[in-house]
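Chemist: model the following, please.
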Amino acid sequence: MLWSGVLLIVLGGSAEAVTLQDIANHPYRESIQELVSRGIVQGYADGTFKPDMPINRAEFLKILMLAVFGEEVFDVTSTACFFDFSTQVQWYYPHACTAKDLGIVEGYPDGTFRGESTVNLVEALKMSVEAWEMPLQQYVRAPGHWYDPYIDVAASRGVFATIPLVPDFPLTRGEAAELLIRLGQPLQALDPDFAEEQLRILSRQDLEDAIQGLFTPDPVCGNGLLERGEACDDGNTENDDGCSEICIIVPQPVRHGALRIEQRPLGTLNIARGAEDVLLLAFDAIAGRQDIFLTQLKFTVGAGSLDSGRNYRLFYDRDGDGNAKTDIGNAVPQNGNLTFANLSIPVSDGFYTRVEVHGDIASSGTVDDFSLQFDISEPDYIEGVDAVDGEDVIGIETDDVTCQLVSICWITVYTDTPRLISVGTQGSLFVTKDSSPVRSRQLLAGELSDVLLRFKLRAAEEDVAVTKISVSGGSDSIDSLELFEQGASAPFATARKSSCDTVSAGYFCADTDFLVMRDTEKRLEVRARVNADTAGGMSGDSVALALAANTTGNTAIEAWGEASLIELNQNNGNATAEGEIIIGRDTAGPNSTVQGETHDVTFAKFSSISDENSDADNSPIPAGLSTIAEFRFTAKSHANSFNGYNDIVIASIVFSVTATNVQFDSSSFELYNPSNPGVAVSCSGGSTGVITVTCSGLSSSAISSVVTQGGALDLALRADITNTQITAGSSTLQAQLNGLGSRSGGPITWNDEETTFQWVDLTTSSVKSTLYRTQ
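Modeler: Presented below is the predicted three-dimensional model:
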């Protein structure tokens, strides 16, 4: 009856809701309470959780395994899965062995688990992500650190919004709870009857110990007294002395150092002859039980010949930042093998050290594709020495193949597919004028211009990174040039005078960072940001942008070979393209300037000219003094306000009038403003056929010929039609403005109150008024 009563007391205590006294105001309170509500954590006997205390591997793994698998963790058939697990089973052995069976933990290189050791952020992330089988990001290139994929998963789940991103910082109990909740994975809930089932499998002695515990004080680890729940207590709280800091028996650790090597995956690298400092092979090394010095590494050719390389060097990460930048030794290939001997690469206990083999690619002779790999045919392809006791670290187990030595192998190696170095010729870049035409433009001061220059770049033999573009032919009216990829709405770079290596008149330069892929073209466009008249813009300035042919000074293009990692040379002018930038031609040969059209800076500009005649097409030809055409001239708005806003002043207009089977009084042509038809200017003309009607002297005439900025002006043409049908048959009549949009001249002469222009910049070449027709 006594046993039954005690059992009910124990079960009753386990079924009650757990209230923790020290988490009420803690930032991780909600996460801790969620785990409590699911029976995953319970806290200490004194009613506390101790959220700010570091969590060890045993504690974290228990919480994780219960969260992911629930009661299944106790189905493990063996609890002797690590070297430091004694025959006296500890509370965390089932969780650790289940995790090992599932591949969630591997233990240390010496085969121990070290449950008393603290667990850092990235270790906890790795165990959690693999326990829940969360998908990892795929990298195009190998990540800088082994833990980067796990960091990326955590970042995508918002873990670092509340937990500091410090990879090697020991995790606290509260942070462990927050991490598991933040990962957002399904959590198990333990059945309240589960505790009863666990009690049922206890031995009688276990139950007696539990009963005794109801009437004895809480144990104090480190007081030298073996108390309830302690497996040992030697009077201290130090690890590695047989009794751990949490009073768990841990067999005396094996002091001989163990080494683990993990080759990093590196994809095929397309590279050019002459490339320098090329990464050939990389691995991470980690020591166990004590620090180790790597003393020897042997490699061999995997494919091709090591004669395709030069200057083989070994680098390692000296300061722990993940970058192997300390040069530790050189080696020369012998019979396809590469040996780095007499090394002293420190590998710390419990911390990864990156080691890399680099080399240069031969620039001459026979240069073939090749790869480098560990020389696993040699039993001593990796050797080391213990840092503490000086013992040799030898014996290699490669890719889980059984150790070949009679004694234990102290080195475990996991290899990966060798990186293939695919060698090609150093690339060249051809820069030519784009086939899409760019006509002359009028550049309105204070505005971003239309496209003034188009050119294309073609990379041959390798991808080419363009690092600088220099455009010549500018003027002081230009503030800067904006560079666009064809079709883009925003510039990828801005060229300025100050960015040129040598500040020279008309040159604008931009530092760039874009790639032209091998055997493809990239089309670029250049627009000008023009200064307003208040900022140095000058009406009448001419601008003719170009990529100059010079090979010194401000050269048109600077670039690097992406594979060769070598700067491309400026063109030497011969018939062979050998790592050069060739301007103005698509094959090897002397440079030729890529020349754009000539453009004019203006302080005012037409935005449109349109037909405004109210008569519809195919209206009958009128007789007598009649209006035969009406046009609207519209000006762009602008910010050129020095001494007042500049307007368009029309000085003369030349109309082309087609009069088929129609007769005019040649002296009757007049131009007038429809808003004041009583005032007109006489124009010269003819009587029939294709008549050129010239209306000049408009700026000093009685009619207004001023188009204000942002405004419009209507002008109409009238004449006396003496015969609408000279002979029997169809008659037609139409007036139009021809030759628009050409800098060589046009039908309108005008000025912006500063400079006179003989042409109008419009996208259309002609504007027609009403077509009259009489049958």
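Chemist: give me the neighbour count for Ser730.
Modeler: Other residues near Ser730 number 10, with proximity taken as other C-beta atoms under 10 Å. (C-beta placed from N, C-alpha, C; glycine too.)
Chemist: next: the one 10 residues further on.
Modeler: Close neighbours of Leu740, defined as other C-beta under 10 Å, add up to 20.
Chemist: which residues touch Ala285?
Modeler: Ala285 makes contact with Leu259, Arg260, Ile261, Glu262, Leu294, Ile345, Val347, Tyr352, Thr353, Val355, according to C-beta atoms under 8 Å, 6 or more residues apart in numbering.
Chemist: farthest pair in those?
Modeler: Across those, the two members that end up farthest from each other (C-beta to C-beta) are Glu262 and Ile345, 15.1 Å apart.
Chemist: neighbour count: those two, which is higher?
Modeler: Set Glu262 next to Ile345 and count neighbours by other C-beta under 10 Å: Ile345 wins out with 22 against 16.
Chemist: ok, and the closest non-adjacent residue to the more buried one?
Modeler: Leu294 (4.0 Å; C-beta to C-beta, 6 or more residues apart in numbering).
Chemist: that neighbour contacts Leu343, doesn't it?
Modeler: Yes. With the criterion set as C-beta atoms under 8 Å, Leu294 and Leu343 qualify as a contacting pair; they are 5.6 Å apart.
Chemist: which one of those two is surrounded by more residues?
Modeler: The residue with the greater number of neighbours, taking Leu294 and Leu343 and applying other C-beta under 10 Å, is Leu294; the counts read 26 against 17.
Chemist: remind me which helix or strand that one belongs to.
Modeler: For Leu294, the host element (DSSP states H and E) is strand 292-303.
Chemist: give the buried residues for the helix or strand that comes right after that strand.
Modeler: Moving toward the C-terminus from strand 292-303, the first helix or strand encountered (DSSP H and E) is strand 309-316. Within strand 309-316, the residues scored as buried using 16 or more other C-beta atoms under 10 Å are Gly309, Tyr312, Arg313, Leu314, Phe315, Tyr316.
Chemist: please apply the same query to stretch 316-336.
Modeler: Of the residues in stretch 316-336, those buried under the neighbour-count criterion (16+ other C-beta under 10 Å) are Tyr316, Asp317, Gly322, Ala324, Ile328, Gly329, Ala331, Pro333.
Chemist: contacting residues around the first one?
Modeler: Think Tyr316. If you count contacts by C-beta under 8 Å, 6+ apart, Tyr316 has them with Ala324, Thr326, Ile328, Ile345, Thr353, Arg354, Val355, Glu356.
Chemist: what is the burial count for Val601?
Modeler: Neighbour count of Val601, defined by other C-beta under 10 Å: 27.
Chemist: give me phi/psi at it?
Modeler: According to degrees, to the nearest 10, the main-chain angles of Val601 amount to phi -90, psi 130.
Chemist: what's the spacing between the closest residue in space to it that isn't next to it in sequence and Asp752?
Modeler: In this structure, Val601 finds its nearest non-sequential neighbour in Asp541, 4.0 Å apart by C-beta to C-beta, 6+ apart. Counting by C-beta to C-beta, to the nearest Å, the gap from Asp541 to Asp752 is 12 Å.
Chemist: between those two, which one's more packed in?
Modeler: Asp752 (26 against 20).
Chemist: residues touching the more buried one, list them.
Modeler: Ser539, Thr602, Phe603, Ala604, Lys605, Asn646, Asp647, Ile648, Val649.
Chemist: cool, Met65 as well?
Modeler: Contacts here follow C-beta under 8 Å, 6+ apart; on that basis Met65 touches Val73, His95, Thr98, Ala99, Ala131.
Chemist: name the SS class of the first one, please.
Modeler: Just to be clear, that refers to Val73. Using DSSP: H, G, I helix; E, B strand; the rest coil, the secondary structure recorded for Val73 is helix.
Chemist: you'd agree it is up against Leu66?
Modeler: Yes. Assessed by C-beta under 8 Å, Val73 is found in contact with Leu66 at 6.5 Å.
Chemist: so what sits against both of the two?
Modeler: Among the neighbours of Val73, those also in contact with Leu66 (C-beta under 8 Å, 6+ apart) are His95.
Chemist: I'd say Gly424 and Ala563 touch.
Modeler: Yes. The criterion here is C-beta under 8 Å, and Gly424 meets it with Ala563 at 6.8 Å.
Chemist: those two: which has the busier surroundings?
Modeler: Neighbours were counted for Gly424 and for Ala563 using other C-beta under 10 Å; Ala563 has more, 25 against 19.
Chemist: okay, the more buried one: pLDDT?
Modeler: The per-residue pLDDT reported for Ala563 equals 80.
Chemist: same deal with the one 5 residues further on?
Modeler: You'll see Leu568 listed with a pLDDT of 95.
Chemist: just give the number of residues close to it.
Modeler: Using other C-beta under 10 Å, Leu568 is surrounded by 26 other residues.
Chemist: which residues touch it?
Modeler: Neighbouring residues of Leu568 by C-beta under 8 Å, 6+ apart: Gln426, Gly427, Ser428, Leu429, Val464, Glu558, Ala559, Trp560, Gly561, Gly579, Glu580, Ile581.
Chemist: Three-state assignment for the last one, please.
Modeler: When states are read from three-state DSSP, the local structure at Ile581 comes out as strand.
Chemist: what bridges to it?
Modeler: With DSSP bridges applied, the residues forming beta bridges to Ile581 are Leu429, Gln570.
Chemist: numbering from 27 from now on, please.
Modeler: Taking 27 as the first residue, the last one we looked at is Ile607.
Chemist: my guess is it contacts Asn597. True?
Modeler: Yes. Distance between Ile607 and Asn597: 6.2 Å, which falls inside the contact criterion (C-beta under 8 Å).
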